[in-house]
Each structure stands twice: as structure tokens, then as C-alpha cells.
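Colleague: With the input below, show me the fold.
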Amino acid sequence: MPYLKATAKKQKLIPLFEALGSVLFLPNLLRRRAFRAEDLKASKRILWVNVWRLGDLVLTTPALASLRQCFPEARITILVHPDTRKILENCPWVDEIVTAAIPWSRRTGKYHPKRYLSSEFLGLLRDLRRRRFDLAIDGHADIRNNLLLFCSGARRRLGFNHGGGGFCLTDLVKADLAHPHHADLLTQLVGYLGGKPALDRVMLQLSEGDKGAAEDFWAAEGLDKEELVVGIHPGAGDPVRYWGLDKFAAVAEAVAKKFPVRFLAFAQPDGYGWDLPLPNPHTRVRPDIGMLMALLQKCDLLLCNDGGPMHIAAGVGTPVVAVFGCTEPKWWAPYGPHHSVVMLEGFPCRPCGDSCKFDQPYCLTDLSVSRVVAALEERLAGLLATRNSKLHKTLLTG
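Modeller: This next block holds a predicted model:
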């Protein structure tokens, strides 16, 4: 969660903001005493805010499923970054997707005053207030998001009681850190509303167009004739999470000597990963998000860094072997069964919030190729054993 991975400087500032906000928002704090959780069951218009990256949005899906189960008749709107909209376009638990590049979700100039006075941002606030939401929810424990909930004009505003900005909320939940994974924490918010867990993994839905395009690509590249297709995505949301093209290539070369695999290399939109040196045979692709989802669903396994593609693969049911460095797997590991995380222990600076204080992220650069090869081979052996078992049963019953 953002608060838990915040820098020491930011953590020191949060109590200061809390003290100031408690004075400025005193009327809200006084009204909060009259609010009851059971009154929220009558909510008809619900806003969920998730303005961050791809992986964050994918991890929202179990909570959204639980929210829809809890409020079958409500109109559920989700606010997301424009770059991530495709992730939820076919989601059955959401009625409407609103997109906006919130100033603090940008990579540069996030605190420039012009961004907060822009017609785009002010127009978003006016639009949210016009919708008269009964309930607005944010699960990132972020003071900026909590301020956004307050400015939305929602009658009730739900979030966590840590991270700052609690004075903007009407309903605060204490996180159960015995279950610290981000997907579990988001579901805890819905639990406050009376919801029950609806999914034990993240789940994404694909469009028929993207599935058809993936089928055509698969056939054109001859991938439908392969015994095992392993996807490799060497990118991530931040370069500090890159393990390195040469290391991914070394893993592929080692595995290709023992298993009947064909590699599908995924490049990022900026082209990173296109020149990944892979053994033959292999295929390369630089897909948009919809095509990425569909191709990952067809892969037997994905090897990747900690990042959005890792969560997308988990969301479409593809097993993952993920390389972790500066982030904490207890919070951000691929959610669900049949995934493996490879990382080095013994780094007290983890998590660093993608702000490595050293000349390089040694938590990644010191991770050996052999460790990742072993994890990938274990997963591939399991896949082959399962296929052979199914084939044997088919022959016996046929």
C-alpha cells in the first residue's frame, strides 16, 4: 500500500497533514459520529477510485466482484487512468468507466499548480459532483485520493484509517495486516459494507475481437502446433524493476535445452524488450493492452518482472513465474494459485517504492539466472505432467 512503502520523509509529513486537516475538516469529523455502516446498504450510486497503474486495477477485480454481489441493483462507476481503461471494458461488475489523468498519477509534473487548475481536472470534479454518488470508495490509503473522494461530493466516503486524509472520509476501516495482499485489503473494504469474498483470484474478461485477433496471430505464427508456449515480458512500470534482457535470454536458452518450448517475447509500447536475444524458434510481438490480455491467455506460462503484465496473466488464468526486487511480494505477488515468485531475501531496504538509494537495485542484479531457471523448470515440469496425465486418461476412456 502507498503509505507502507512511503519514504520516511513522507511518513513524517502525514501526522502534520492530519493535524491540520482535523481542524479544517472539523464539521466532517463531527458529522461522522452519526453515520452507521448499515445505512450504506441502501446505496444506489457507487464510485470506486483507482487512478494508478495496470496491476493496481487488475487487483481490484476480486473486490469489484464482491461489491456487485453485495449491491446487485446499484450503479457502480469506476474512475481509472485512461491508459488502463481496456482492462475493465468487459467487466461484468462495473456499469460505467470514467477516465481521467489525475495530476498525482502522472510520472512528471504531478505537483505543478497548473495541473490542478486545468479545465480537465476541474471539469472532472464538477462531473463527479453532478452524479451525486451515495458512496465513494478508495483503497490506496493515500491522502490525495481521500481528498478526491471529498471533492466528489459523495454522501459517504470509505477508505482505510491509515495513510493520511482520514479527515476527508466518513467511514474508516482498519486494515487487517494479517492478510496484507493488496487484493485482500480491497476486499476488506467491501467486507465493511457486508460483502463476502467472491473470488480467490483476479479475473479479467476479454473482448471477442481481441480473442479473435489472438487466434489469428497464433495460427499465423504456427504457435498452435507447439507443445508449450512460454511468454517472456522483460518490462515493468518502472525501469528499477527490470531484471535485464540478457538474464531473461539466458533463462530461455537454458530451459530450451530441456523442454519442448516456443518463446513469445512481449515488447512494451515504448519498444523495450523487442531486442530480447532469444534462442530459435521464437516469436516477437508489441501488442496493445487488449491484444496483450488475449495473447497471455493463450500462453502456457509467463516469465516476467513484477509489473502489470504479471497481474494481467494471473487475471486471464495463465501461471506466472515472476522476478521480484524492490517490491514486497506479500503485498503485490500474482494473486491466485499456480504462480511462483523468485527473489533474494535479506534486503532491509525492501520495499523502496521504486526509489532505489543505491547505484543499482542489488536486490535484482544479484539474483542469479540459475534461481529463475529452477523455478521455471519446476512449473514447466508440472504443466507437462498434467498434460500427460490428461492424455493418458483420454486414451484409457477412449
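Colleague: Now do the contacts for Pro62.
Modeller: 183, 186-187, 197-203, 335 (CB atoms under 8 Å, 6 or more residues apart in numbering). Every C-beta, even on glycine, is put in place using the N, C-alpha and C of the backbone.
Colleague: In strands only, show me the residues you listed.
Modeller: In strands, judged by DSSP state E, none of the contacts of Pro62 are found.
Colleague: from the residues you listed, which is closest to Ala65?
Modeller: Distances from Ala65 to the contacts of Pro62, taken as CB to CB, are shortest for Ala198 (4.0 Å).
Colleague: would TSV of the contacts of Pro62 with neighbour count be doable?
Modeller: As requested, those are exported to TSV (neighbours: other CB atoms under 10 Å):
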residue	neighbour count
Ala183	27
Leu186	27
Thr187	25
Pro197	16
Ala198	19
Leu199	18
Asp200	11
Arg201	16
Val202	24
Met203	21
Tyr335	24
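Colleague: would a markdown table of those residues with pLDDT be doable?
Modeller: As requested, the contacts of Pro62 are arranged in a markdown table below (pLDDT from 0 to 100):
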| residue | pLDDT |
| --- | --- |
| Ala183 | 97 |
| Leu186 | 97 |
| Thr187 | 97 |
| Pro197 | 93 |
| Ala198 | 95 |
| Leu199 | 94 |
| Asp200 | 93 |
| Arg201 | 96 |
| Val202 | 97 |
| Met203 | 98 |
| Tyr335 | 96 |
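Colleague: and which of those residues is nearest to Leu344?
Modeller: Set against Leu344, the nearest of the contacts of Pro62 by CB to CB is Tyr335 (21.9 Å).
Colleague: State the distance from the closest one to His182.
Modeller: Using CB to CB, to the nearest Å, one gets 8 Å for the distance from Tyr335 to His182.
Colleague: Next: Leu158.
Modeller: Leu158 is 16 Å from His182, by CB to CB.
Colleague: again with Ala101
Modeller: Separation of Ala101 from His182 (CB to CB): 22 Å.
Colleague: Comparing the two, which residue is more hemmed in?
Modeller: Taking neighbours as other CB atoms under 10 Å, Ala101 and His182 compare with His182 leading, 22 against 15.
Colleague: Now for Tyr335 and His182: what residues contact both?
Modeller: Counting by CB under 8 Å, 6+ apart, the contacts common to Tyr335 and His182 are Leu59.
Colleague: What is the distance between stretch 307-318 and the centre of its chain?
Modeller: Stretch 307-318 sits 9 Å away from the centroid of its parent chain (CA atoms, centre = their mean, to the nearest Å).
Colleague: what comes up buried for it?
Modeller: For stretch 307-318, burial by neighbour count (16 or more other CB atoms under 10 Å) applies to 307-316, 318.
Colleague: Restricting the selection to alpha carbons, write that stretch to CSV.
Modeller: Provided in CSV are the C-alpha atoms of stretch 307-318 (Å, rounded to 0.1, in the frame of the first residue of the first chain):
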residue,chain,number,x,y,z
GLY,A,307,4.6,-5.4,-13.1
GLY,A,308,1.3,-5.0,-14.9
PRO,A,309,1.7,-7.9,-17.4
MET,A,310,2.3,-10.3,-14.4
HIS,A,311,-1.1,-9.3,-12.9
ILE,A,312,-2.8,-9.5,-16.3
ALA,A,313,-1.5,-13.0,-16.9
ALA,A,314,-2.9,-14.0,-13.5
GLY,A,315,-6.2,-12.3,-14.4
VAL,A,316,-6.6,-14.4,-17.6
GLY,A,317,-5.6,-17.7,-15.8
THR,A,318,-2.1,-18.1,-17.0
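Colleague: model confidence over that stretch, on average?
Modeller: Averaging pLDDT along stretch 307-318 gives 97.
Colleague: Likewise for stretch 121-141?
Modeller: For stretch 121-141, mean pLDDT rounds to 95.
Colleague: ok, now which ones touch the residue minimising distance to the centre of the chain?
Modeller: Central residue of the chain (CA atoms, centre = their mean): Gly55, 1.8 Å from the mean position. When contacts are counted by CB under 8 Å, 6+ apart, Gly55 touches 237, 307-308, 310-312, 332.
Colleague: among those, which two are most distant?
Modeller: Ile312 and Trp332 (13.6 Å).
Colleague: thinking again about what came up before, list phi and psi for the residue nearest to the centre of the chain.
Modeller: With angles defined as degrees, to the nearest 10, Gly55 sits at phi -60, psi -40.
Colleague: Skipping its backbone neighbours, what lies nearest Gly195 in space?
Modeller: Take Gly195 and drop its neighbours on the chain: the residue closest to it by CB to CB, 6 or more residues apart in numbering is Cys70, 3.6 Å away.
Colleague: Quick check: that neighbour vs Ala183, distance?
Modeller: Taken as CB to CB, the span from Cys70 to Ala183 is 17 Å.
Colleague: what's the answer for Leu223, then?
Modeller: With distances taken as CB to CB, Leu223 is found 31 Å from Ala183.
Colleague: Check Ala254 too.
Modeller: Relative to Ala183, Ala254 is positioned 32 Å away (CB to CB).
Colleague: And for Gln268?
Modeller: 24 Å.
Colleague: again, but for Ser370
Modeller: The spacing between Ser370 and Ala183, counted by CB to CB, is 31 Å.
Colleague: Likewise for Leu228?
Modeller: Here the criterion is CB to CB. By it, Leu228 lies 28 Å from Ala183.
Colleague: Also Cys349?
Modeller: Cys349 is 25 Å from Ala183, where distance means CB to CB.
Colleague: same deal with Leu57?
Modeller: Distance, Leu57 to Ala183, by CB to CB: 11 Å.
Colleague: Please enumerate the shared neighbours of the two.
Modeller: Common neighbours of Leu57 and Ala183, counting by CB under 8 Å, 6+ apart, are absent.
Colleague: hmm, back to that, look up how far Trp331 lies from the residue nearest to the centre of the chain.
Modeller: For Gly55, the distance to Trp331 - CB to CB - is 11 Å.
Colleague: do Glu96 as well
Modeller: 29 Å.
Colleague: neighbour count winner among these two?
Modeller: Neighbour count, other CB under 10 Å: between Glu96 and Trp331, Trp331 has more, with 18 against 11.
Colleague: Show me what whichever helix or strand that one is part of is packed up against.
Modeller: Element membership for Trp331 (DSSP states H and E) is helix 329-332. Helix 329-332 makes packing contacts with no helix or strand when contacts are defined by 3 or more CB pairs under 8 Å, 6 or more residues apart in numbering; DSSP states H and E.
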